[in-house]
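Student: Structural data only, the sequence is not supplied:
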């Protein structure tokens, strides 16, 4: 029964995403894809996955232990802190810290977490800002 409840919640979120996507204002520039397309695609995939969970639930679902639920809550908290830190410290620093922390919690050694977090941040910055020319949050150092 818990799988069906989870699937129902996922389906409600998917419908909410679709509803919110249709409230995104379109620009005067005609773009065949538009800003609504990507959120709608994600919502449809989420709805299909939720329907599969509702129609074919696990016979004996196993919920994670309380310590694992705490890890999930901490990871969600890190992502919220990341979103709040982006405008203040900029993309490079916020992404490096969040990536390093999350990889450390996934089991990487602390030094390698710092290295991978820093390289992840620099790699994403290089691709999206320097190569593709997209605007990313600037920090106190101007990058």
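Tutor: Received, thanks. As the structure is a computational prediction, the values presented were derived from the model and not from experiment. Residues are numbered from 1 along each chain as shown.

Student: For this protein, which residue occupies the most central location?
Tutor: With distances taken as Cα atoms, centre = their mean, residue 79 lies nearest the centre of the chain, 7.8 Å away.

Student: Verify the stated contact: it with residue 99.
Tutor: No. Look at residue 79 against residue 99 with Cβ atoms under 8 Å: they stay out of range, at 11.1 Å. C-betas here are computed from N, CA, C, even on glycine.

Student: Residue 75: how many residues sit nearby?
Tutor: 14 (other Cβ atoms under 10 Å).

Student: Surely residue 7 touches residue 58?
Tutor: No. In terms of Cβ under 8 Å, residue 7 does not count as a neighbour of residue 58; the distance is 10.6 Å.

Student: which of those two has more neighbours?
Tutor: Higher neighbour count among residue 7 and residue 58: residue 7, with 20 against 10, using other Cβ under 10 Å.

Student: next one: stretch 75-83 to chain centre, how far?
Tutor: Relative to the centre of its chain, stretch 75-83 is centred 10 Å away, using Cα atoms, centre = their mean, to the nearest Å.

Student: Now do it, average pLDDT.
Tutor: Mean pLDDT, stretch 75-83: 96.

Student: Contacts for stretch 133-143 next, please.
Tutor: 86, 87, 88, 89, 90, 91, 92, 93, 94, 125, 128, 129 (Cβ atoms under 8 Å, 6 or more residues apart in numbering).

Student: which two from the residues you listed end up farthest apart in space?
Tutor: 88 and 128 (19.5 Å; Cβ to Cβ).

Student: More neighbours: which of those two?
Tutor: Between residue 88 and residue 128, residue 128 has the larger neighbour count (other Cβ under 10 Å), namely 14 against 11.
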